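In: Pasting the sequence and the predicted coordinates here, then a few questions.
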Amino acid sequence: VTTAKYTFYSFLFINLYQQFSRFANIYFLVIAALQLLTPLSPTGRYSTAAPLALVLAANMVREIWEDSKRHKDDYEVNNRVIEVIRGGRVVEELWKNLKVGDIVWVKKGTEFPADLVQLASSDESGGSYIDTCNLDGETNLKIKSSLSLTQDARNHSQISKTRGLFEYEPPNKRLYTFVGKVTIDQQTIPVDNDVVLLRGAVLRNTKWIYGVVVYAGKQTKLLMNARAAQLKMSNVERLTNRILAAVLLFELIMCSLGCIGNAIWAKGNKTTWYMPYLESQSTAEVLSSWITYFILLNNYLPISLYVSMELAKLGQKVLIDNDVEMYHAKSDTPALARTSNLNEELGQIEYIFSDKTGTLTRNEMEFRKCFIVNTSYGFGTTEIGASMAMRQKGEMKKDPAEADADATIAQKRIESNHPDSRAIRDFFRNLSVSHTVVPEGEPQPNKIKYQAESPDEGALVSAAKCLGFFYCEKTAKTHTVDVFGQRETYEILNVNKFNSTRKRMSCVVKTPENRLMLYIKGADNVMLDRLAPGQSYIHETADMLKSYAQEGLRTLVIGQREISEQEWREWDKVFRHAASSLVDREDKLMDAAEMIERDITLVGATAIEDKLQIGVPDAISTLAMAGIKIWVLTGDKQETAENIGFACNLIKEEMKRIYLLEGDTDTIKRSVIQEMEDMKKTPDKEHCLIVDGKALLEIMRAQEEKDASSDSLDLMLSFLDLAKKCKAVVACRVSPDQKRQIVAMVKHNVKPYPMTLAIGDGANDVPMILEASVGIGISGNEGMQAVRSSDYAIAQFRFLKRLLLVHGRSNYKRVSVVVMYSLYKNCTLVSTLFAFGTYSGWTGTALFDALMLAGFNVGWAFFGVIIFGTIENDVSPTAAIAYPQLYMSGQQQRDFNMRVLLRWFLTGIYHTVICFFIASAIFMNMTVKPTWAEDGHVVFGTIVQQSIIAVVNLKLLIETNYLTNYSLFSYVLGWLLFVL
């Protein structure tokens, strides 16, 4: 396995190719070649080549240092030792030598060296527990099974005698699916992800497992998913390239003026006795003075610009990483700048696209309410419900102790002969049996710990435990529930897994009474359509679900169906055929699930609270005042998303709400046009747009289809115009890809192109994080996939306020000054070379010694701008947050544009006039004319350069608002180095 960028032989070629991909480096290479290969250089042969070599070497040293760590890590990983079973004996083998088909013996606490199919384990049931934190950041343990045909193997001899044929899909990046089958002793069974152990995961709570290697080395799913971060170039860097092009044009004009001046001077001085060659000077020799000036004035483009920017950004990264105000003590998580290339982009954000669950909310689920047989259990309300009650001036029920009293009422009804007793038992039996939760620890209610793949499932199982349905034991095929002291074991026959398309999960179980039951739970929009007709309380349940959603609660519908033995056997054949298919297995399993998930009996509904994170309302309100438009993109239903919008200050009561829900293209387009017309009638009123996933399917057709019709394109652009005029946008019931489409629509179709930021905490947010100009990952309960795909990582949404308003705004201003100041100081220096033409007959004679000229960019005027670019603040962090309107300067690019460049350049020329002509008036007669020595002008040039170094460092001091000992020392250091 190789993750290093370079090898010993490829380093030089690849690194030089990357460095000369920059325009400025190619430019200086041309200048250096002209100096080295022609006699036309007035500044010495090495005045450009030496600094260029220094800059290139510095970059190479940094790359070698970074890549050496990768080589060290690669060596350590490739040479780890694992135990392999060969001929009934254990042989130690290096990871890098593993091959497909090898049987490995992995012990507790060991990381899997390749992608394995589990053959057997120390557990009698063949199960094992694995930690996938290295893969997805999730800390909860996951249970894996062994192949049913090999799970009885108990020693090396038995497992080494196993012979079989595996057929499975070629290597791919899909971490959560595996399609294959195995034939052993003429028996064929399907192989799916339940028996696959991925490289990078760690064996926990299991003494050992045997596994056969199915993918090794670079073909493992972990390494196939490992890719270089997407290259994102900041807007400032793009504009810098245009600015450098403008400066180059200015330089070419100056070269032409110098060439013309030389031709005029030569024509008028042909009879000068000490320059007889002027009488016979050809046109080509006159034109060669243009090349001389091109070499002389090459430093109008500062060779140290990119190095200065990179070092300043590196310092900014350190400040972000070590900002204690963005440190989350509870999770021990600091802010993390995963890249320094986009620091200044944080100060120009115009649109924020935010996930809801885990980003605005805590993703810590608490079972709050349920609805069973026309009765809602659970008093009180939530933060979001309280916010709604305040808006509607309704009565707000108090919460704390009433929930306990309510739980007691439900429990009494379960234990008594109450008419609802059986329905309540069915409800909590469903919650305690139908899930993928893994119990850990002693089987006692107060000691057991549940490992759940999602916080929702953990909350549901914990709620059932509190009401007497204690899920206490799990094997590969059974779930055991302690119901008021009596153990009930349920055999799990089939599981139809949850996915974002199905939005539900179900399982077929055999109850202790030998009944076959289908237990199912899922989102209301897919479950209500699958209920058997003619049932009581369907409408009441739908109304209650809407009421729960208005409180911001996450809801699920619970159902069940009894299945006959014959129906199950016929369906089981279809299910197993789909499970063993090597082609379109997922689609076939979904089709099989559809066959049995019908005519469901409604059991009830659950409502789980996901509380808002601390500081979210204040953060959103402050960011909105900074001129940033915030769009919330969530998979929740409309009522939940809308009420959370109110609770977090995104939507305000005085806003007019615009709804785009379902409909065909024509219907949605008419609605958009009508709303646009209504907006014109009330230009002063703020608006909020609420759109759902079904409407977005029609709106986004032009975004995804290459040959989209003009009507589709018109609809998308009309929708975008409407959304741009809204203060807030909430998109509900959207898929991960629709989130990406929304970001791409804004990013590519709003003019001028805006800076976009996407923030989320889960794997479903990765597409939009990668699509946005800047991606922010929140390290939450949904793993670390979002963080690993992001540019910056924070622990809580509220820290985004400080990241943008303090760090982002300051970094934008710092980098702007770094670029402009670098151009200014070089303009001041190089313009004196042009001005000296008034004394040298425009011959392109260099005023400065070559060493002095080369040292200007990498010594005399180098350190101050780096310190400035790292720590400068024009206002305090407190003021930046208290007055968020200050942030708008970055959005409007007030500090970095051609007008600002002109002002800095004119200042540089003005300082040139002062430094050169005042020094000329005072010192020219003292240093040049008395001796008329060949290098007398260099003495004068040294005086001029010293004054320039003092002036440009003084200019930086004047620009400084936050003066520290470090910055003051760096400003003086350049001048001291020159003097010494």
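Out: All right, it came through fine. Residues are numbered from 1 along each chain as shown.

In: Model confidence for residue 229, exactly?
Out: With respect to pLDDT, residue 229 scores 47.

In: same thing with residue 535?
Out: Reported pLDDT for residue 535: 89.

In: And residue 927, by the same measure?
Out: 56.

In: Regarding residue 562, what is its secondary structure?
Out: strand (DSSP: H, G, I helix; E, B strand; the rest coil).

In: Show me what it is bridged to.
Out: Taking DSSP bridges as the rule, residue 562 bridges to residue 517.

In: again with residue 479
Out: Beta bridges link residue 479 to residue 474, residue 490 when assigned by DSSP bridges.

In: Distance from the longest helix seen in the chain to the middle of the chain?
Out: Longest helix of the chain, by residue count under DSSP state H: helix 235-268. Computed by Cα atoms, centre = their mean, to the nearest Å, the chain-centroid distance of helix 235-268 equals 42 Å.

In: Just the CA atoms of the very next helix or strand once past that helix, as CSV, please.
Out: Using DSSP states H and E, the next helix or strand after helix 235-268 towards the C-terminus is helix 283-296. Output of helix 283-296 as CSV, limited to C-alpha atoms (Å, rounded to 0.1, in the frame of the first residue of the first chain):
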residue,chain,number,x,y,z
THR,A,283,17.6,48.5,-35.2
ALA,A,284,17.9,45.0,-33.7
GLU,A,285,20.4,46.4,-31.1
VAL,A,286,18.0,49.2,-30.3
LEU,A,287,15.1,46.6,-29.9
SER,A,288,17.4,44.5,-27.6
SER,A,289,17.0,47.2,-25.0
TRP,A,290,13.4,46.1,-24.7
ILE,A,291,14.6,42.7,-23.5
THR,A,292,17.1,44.4,-21.2
TYR,A,293,14.2,46.4,-19.7
PHE,A,294,12.1,43.2,-19.5
ILE,A,295,14.8,41.6,-17.4
LEU,A,296,15.4,44.8,-15.4
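
In: how much does helix 283-296 deviate in direction from helix 235-268?
Out: 140 degrees (axes from the mean of the first three to the mean of the last three Cα atoms, to 10 degrees).

In: Now do the buried residues in the helix or strand just after helix 283-296.
Out: For helix 283-296, the following helix or strand on the C-terminal side (DSSP H and E) is helix 305-321. For helix 305-321, burial by neighbour count (16 or more other Cβ atoms under 10 Å) applies to 305-317, 319-320. Using the backbone N, CA and C atoms, a C-beta is placed for each residue, glycine as well.

In: What of stretch 562-581?
Out: Residues of stretch 562-581 classed as buried: 563, 568, 571, 575, 578-581 (neighbour count, 16+ other Cβ under 10 Å).

In: for stretch 100-114, same thing?
Out: Buried residues in stretch 100-114, counted by 16+ other Cβ under 10 Å: 102-106, 110-114.

In: and residue 873, which of the three is it?
Out: Going by three-state DSSP: residue 873 is coil.

In: Look up the closest residue to it, ignoring the ones flanking it.
Out: Of all residues not flanking residue 873 in the chain, residue 962 sits nearest, at 4.3 Å (Cβ to Cβ, 6 or more residues apart in numbering).

In: Count the residues that sit near the one you found.
Out: Residue 962 has 13 neighbours, counted by other Cβ atoms under 10 Å.

In: residue boundaries of the strands in the stretch 651-800 of the chain?
Out: For the stretch 651-800 of the chain, the strands defined by DSSP state E, counting those that start in this stretch occupy 656-660, 687-692, 728-732, 755-760, 774-778, 792-794.

In: In its sheet, which strands sit next to the second one, and in what direction?
Out: The reference is to strand 687-692. Each strand paired with strand 687-692, and its direction, by DSSP bridges: strand 656-660 (parallel), strand 728-732 (parallel).

In: most tightly surrounded among those strands?
Out: Most buried of these, by mean neighbour count (mean count of other Cβ atoms under 10 Å): strand 728-732, with a mean of 25.

In: Would you pull up how far it lies from the middle of the chain?
Out: With Cα atoms, centre = their mean as the basis, strand 728-732 stands 21 Å off its chain's centre.

In: Any idea how many residues pack against residue 629?
Out: Counted with other Cβ under 10 Å, residues neighbouring residue 629 total 20.

In: On the strand side of things, show who it bridges to.
Out: residue 351.

In: Closest one to residue 879 out of the buried residues of stretch 100-114, please.
Out: Proximity of the buried residues of stretch 100-114 to residue 879 (Cβ to Cβ) peaks at residue 111, which lies at 49.3 Å.

In: And the residue nearest to that closest one when sequence neighbours are not counted, how close does it get to residue 974?
Out: Using Cβ to Cβ, 6+ apart and skipping residues adjacent in sequence, the residue nearest residue 111 is residue 202, 5.1 Å away. Noted for residue 202: a distance of 53 Å to residue 974, by Cβ to Cβ, to the nearest Å.
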